[in-house]
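Q: heads up, no residue letters with this:
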């Protein structure tokens, strides 16, 4: 059965200290699906674009065996556009503009044949939309959810509803503390697990990631990057690599989840090496495996 | 031959969200020597105290086989006192007062028999004093240096002189960036290695530590702590555990240094579990080894 993801599909205008680009392919569902496509197929996307969405993007996604049955194309509509500028240290960014376009009235409709998908990734969209998706699904075996500070600010109640129904929540360290008002990260993580998710993954950027299970913790290193060209999509790529690996392996043990965290980190590291989705477009299985092994070497001691 | 350390010996007044204490034993040399004492002997301390320094502290240190030949006791002098208050998240602290006392005119004199020590830890004192120590030594085999933001601000030139003569520099991530003005941590680390130290260790608190060697990087996890009672001395305990292990093993390969980083992290984790030096006073070798194994389990994946 398929791996289904629901999220945004966007055209991004990005400025970093190194370069800038306009109208490049972006969006959470896009990055998730591309990252997952290196592990498993089919990966099905539910999202919305306008008529201005270039055919070349569709072709590129289809080349990666990404199913677009669930991608609504709105006549005379304009695709969601986001413009952002990263600061010198690449850790902070300003949103320059947001043009919601067709995303403003996005109603995620899961095509009937995908309602039975057993692996689901709820990309970073409003928890109200995530709930609409969950309502249409026939009890997926494994649901992974991404979110962000904006939704914790604006729709905390709805987010808490979502958390009751997901297996894994992926957030960053400041969002973890924001969600619980608990400064100690470990305590904060335990509090979130009590809200529903059996597993919690805390992304810490240059400091790696933490995976929390039932009384188990795994600490994953960060890939040492000297040249980050564009951090956009790193978190989505993590979610895609993580879930894509598990969808292929069909092993949901903690040991398998650890490996999935490393594969998620692997895809995030490729993502940020190039602008937009370029870093995820032309990888080989060999390159992915080689970087996984670099992660292993990085944290190994006897 | 001995492991020699030079640093401050202090009486600390500490306030955390959980408790407070006055005139508790502290100082970089104290924490370093205690942490190292679980791995090797003799550990020799060079430092200065006043006549007010309690006999019970001396007895406790001697019980740990810590040699105090190099500890100057100044008649009618007052021991260095520091008062600090930790904020709710324990990551930031305010210095409430600093009374230098006998430390103001501290001139580190290395007793002749210790000038041949082959392992040296320069605790966190001014780089001018660290240089004075280095001048008196007969080419130690392995020198580890700690420093802090204050010295990067006030005595950067002298610190750079020190760096030319040490094998390992231990600093935290913000100090790394401060020293080089390079926001990318990996690039920044490489720049510092070019200043002299063959190895650099970047302590990242709750995010673990990084060890940089010649074209090799090791990422060490942080011990997941839910209850940090007093962060004072964590960095010093790290330096003591790290160097103490290496002094015992006499193996300076990168693999051995990795294990030393974990033993350093182990001692830092014990340190912060109790107030002042209490967390380092009554450990067993078994407890130390057990925590080392917990670190291993935390970051292991196949």
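A: Great, that's in hand. Bear in mind that the values here come from a model prediction, so they are computed numbers and not experimental data.
Q: so where does the residue positioned nearest the centre of chain A fall, helix or strand?
A: By CA atoms, centre = their mean, chain A has its centre lying nearest to residue A:236, at 2.2 Å. Under the criterion of DSSP states H and E, residue A:236 resides in helix A:234-249.
Q: just give me how far that helix sits from the chain centre.
A: With CA atoms, centre = their mean, to the nearest Å as the basis, helix A:234-249 stands 8 Å off its chain's centre.
Q: could I get the buried residue list for that helix?
A: A:234-248 (16 or more other CB atoms under 10 Å in any protein chain shown). Bear in mind the C-beta positions are built from the backbone N, C-alpha and C, glycine included.
Q: just checking it against chain B, any contact.
A: No. Applying CB under 8 Å from any CB of the partner chain, one finds helix A:234-249 out of contact with chain B, separated by at least 12.2 Å.
Q: residues of the next helix or strand after that helix that come out buried?
A: Counting by DSSP H and E, the next helix or strand C-terminal to helix A:234-249 is helix A:254-271. Across helix A:254-271, burial judged by 16+ other CB under 10 Å covers A:256-271.
Q: you'd agree the residue nearest to the centre of chain A is up against residue A:121?
A: No. When contacts are counted by CB atoms under 8 Å, residue A:236 is not listed as touching residue A:121 (9.0 Å).
Q: okay, and the common contacts of those two?
A: Residues touching both residue A:236 and residue A:121 by CB atoms under 8 Å, 6 or more residues apart in numbering or on different chains: A:7, A:32, A:146.
Q: residues contacting the second one?
A: Residues in contact with residue A:32, defined by CB under 8 Å, 6+ apart, are A:5, A:7, A:121, A:123, A:236-237, A:239-240, A:243.
Q: try it again at 7 Å.
A: For residue A:32, the contacting residues are A:5, A:7, A:121, A:123, A:236, A:239-240, by CB atoms under 7 Å, 6 or more residues apart in numbering or on different chains.
Q: pLDDT at the residue nearest to it when sequence neighbours are not counted, what is it?
A: Distance criterion CB to CB, 6 or more residues apart in numbering or on different chains; nearest residue to residue A:32, sequence neighbours excluded, is residue A:240 at 3.9 Å. For residue A:240, the pLDDT comes out at 98.
Q: list the contacts for residue A:240?
A: A:31-36, A:267.
Q: reformat the residues you listed as TSV; add distance to residue A:12, pLDDT and secondary structure.
A: Shown next, in TSV, are the contacts of residue A:240 (distance: CB to CB, whole Å; pLDDT from 0 to 100; DSSP: H, G, I helix; E, B strand; the rest coil):
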residue	distance to residue A:12	pLDDT	secondary structure
A:31	11	98	helix
A:32	15	98	helix
A:33	16	98	helix
A:34	14	98	helix
A:35	16	98	helix
A:36	20	98	helix
A:267	18	98	helix
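Q: list buried residues within the residues you listed.
A: When the contacts of residue A:240 are checked for burial by 16+ other CB under 10 Å, the buried set is A:31-36, A:267.
Q: how about residue A:130, phi and psi?
A: phi -60, psi -40 (degrees, to the nearest 10).
Q: count residues in the vicinity of it, would you?
A: Number of residues near residue A:130 (other CB atoms under 10 Å in any protein chain shown) recorded here: 30.
Q: okay but it is in contact with residue A:121, surely?
A: No. Under the criterion of CB atoms under 7 Å, residue A:130 makes no contact with residue A:121, lying 10.5 Å away.
Q: overlap of the contact sets of these two?
A: Between them, residue A:130 and residue A:121 share no contacting residue, judged by CB under 7 Å, 6+ apart.
Q: before we move on, back to that, quick check, nearest of the shared contacts of residue A:236 and residue A:121 to chain B?
A: residue A:146 (21.3 Å; CB to the nearest CB).
Q: go ahead and confirm that closest one touches residue A:127.
A: No. Using CB under 7 Å, residue A:146 makes no contact with residue A:127, being 10.8 Å away.
Q: neighbour count for those two, which is higher?
A: The neighbour comparison of residue A:146 against residue A:127 (other CB under 10 Å) goes to residue A:146, with 27 against 23.
Q: so how far is residue A:295 from the more buried one?
A: 21 Å (CB to CB, to the nearest Å).
Q: check residue A:286 too.
A: 15 Å.
Q: who's in contact with the nearest residue to residue A:173 once chain neighbours are set aside?
A: Closest residue in space to residue A:173, ignoring its immediate chain neighbours: residue A:204 at 5.0 Å, by CB to CB, 6+ apart. For residue A:204, the contact set (CB under 7 Å, 6+ apart) comprises A:172-173, B:207.
Q: make it 10 Å
A: Residues near residue A:204 by CB atoms under 10 Å, 6 or more residues apart in numbering or on different chains: A:172-174, A:176, A:185, A:210, A:219-220, A:222, B:204, B:206-208.
Q: mind listing what the helix or strand bottoming out on mean pLDDT in chain A pairs with, with the direction of each?
A: Sorting the helices and strands of chain A by mean pLDDT, DSSP states H and E puts strand A:93-99 at the bottom, at a mean of 92. When pairing is defined by DSSP bridges, strand A:93-99 lines up against strand A:80-86 (antiparallel).
Q: name the residues of the partner strand that are buried.
A: For strand A:80-86, the neighbour count (16+ other CB under 10 Å) marks A:80-84, A:86 as buried.
Q: what about residue A:178, distance to chain B?
A: Remark: distance between residue A:178 and chain B (CB to the nearest CB, to the nearest Å) = 13 Å.
Q: and the next element down the chain from the least confident helix or strand of chain A?
A: strand A:119-122.
Q: what packs against that following strand?
A: strand A:3-6, helix A:28-36, strand A:43-50, helix A:127-136, strand A:142-146, strand A:168-172, helix A:234-249 (3 or more CB pairs under 10 Å, 6 or more residues apart in numbering or on different chains; DSSP states H and E).
Q: so can I have JSON lines of these showing distance to residue B:113?
A: Putting the helices and strands packed on strand A:119-122 into JSON lines (distance: least, CB to CB, whole Å) gives the following:
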{"stretch": "strand A:3-6", "distance to residue B:113": "69"}
{"stretch": "helix A:28-36", "distance to residue B:113": "62"}
{"stretch": "strand A:43-50", "distance to residue B:113": "70"}
{"stretch": "helix A:127-136", "distance to residue B:113": "69"}
{"stretch": "strand A:142-146", "distance to residue B:113": "62"}
{"stretch": "strand A:168-172", "distance to residue B:113": "53"}
{"stretch": "helix A:234-249", "distance to residue B:113": "56"}
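Q: for residue B:14, find the nearest of those.
A: Proximity to residue B:14, assessed across those by CB to CB, is greatest for strand A:168-172 (31.1 Å).
Q: per-residue confidence at residue A:89?
A: Looking at residue A:89, the pLDDT reads 69.
Q: got the residues of the stretch 1-150 of chain A near chain B?
A: Contact residues (CB under 10 Å from any CB of the partner chain) of the stretch 1-150 of chain A with chain B: A:17, A:87-91.
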